[in-house]
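Trainee: sequence below, structure please.
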Amino acid sequence: MSAADFVPAGADLDGLRRAADGCKGCHLYENATQTVFSKGPVTARVVFVGEQPGDVEDRRGEPFVGPAGKLLDRAIEQAGLNPGDTYTTNAVKHFKFTPGAGGRRIHATPDSREVGACRPWLVAEFGLLDPEIVVALGATAAKALFGPSFRVTKSRGMLLPWPASAYEPAEFERADDGARAGAYALATLHPSAVLRADDREAAFEGLVADLRIAAGALV
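Mentor: Here you go, the predicted model:
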């Protein structure tokens, strides 16, 4: 089973969000509080794809609203991107965690099967979105977008052609004017990695520098 069994054909973005609330495409829904789908307009020029919701996001039902999200907001602003032109989502829509002491929920990285099971939601999202650039935040997101052999450490901050055809539903028809033909993708570190870094200031400056490259790619 995968999310493909729950993605409604022909739905708009709000329809996808509603349908995702009932997704049982993998086992992660069993322990998560709720599905955390996306944030931002369908007209967004820049799409950010992260790994999965964290503890705060799982409780609030919105992506990138915890400490990593606040840091990303600062980086977006300092890079010169317009927050109103951004859309944020995750490769996996449910929080994966292991129980810790005192009721803490400790982040656990989604495996390839869980990422693959959730991929139909990304495909459905990109069938509606028409961004100029897609930013992969961290290794899990980058592998979800570009395949398991992709390494952020080797390609970080590089403008790459966005593989739009890999994210178009079967019923989606490319516009005659060649929509998406000039889109780019860029991989960088996840903002949570900045929070874990020994030198947070340097790590944050590196993230901002990568996002400035993304900003510079906007027409």
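
Trainee: buried residues in the longest helix along the chain?
Mentor: Using DSSP state H to define each element, the chain has its longest helix at helix 200-216. Burial within helix 200-216, assessed by neighbour count using 16 or more other CB atoms under 10 Å, is assigned to 203-204, 206-208, 210-215. Placement of C-beta: from N, CA and C, glycine included.

Trainee: same check, this time on stretch 23-40
Mentor: Of all the residues in stretch 23-40, those buried under the rule 16+ other CB under 10 Å are 23, 25-26, 28-29, 32-40.

Trainee: what's the most distant pair in these?
Mentor: Between any two of the buried residues of stretch 23-40, the greatest separation by CB to CB is 24.2 Å, found for 26 and 40.

Trainee: and residue 166, how many neighbours?
Mentor: Neighbouring residues of residue 166 were enumerated by other CB atoms under 10 Å; the total is 13.

Trainee: how much space separates it from residue 99?
Mentor: From residue 166 over to residue 99 the distance is 36 Å, taken as CB to CB, to the nearest Å.

Trainee: hang on, the earlier thing: quick one: mean pLDDT over the longest helix of the chain.
Mentor: Within the predicted structure, the mean pLDDT of helix 200-216 is 97.

Trainee: before we move on, what about stretch 103-122?
Mentor: Stretch 103-122 comes out with an average pLDDT of 96.

Trainee: just the terminal-to-terminal distance for it.
Mentor: Distance between the two ends of stretch 103-122: 31 Å, counting by CA to CA, to the nearest Å.
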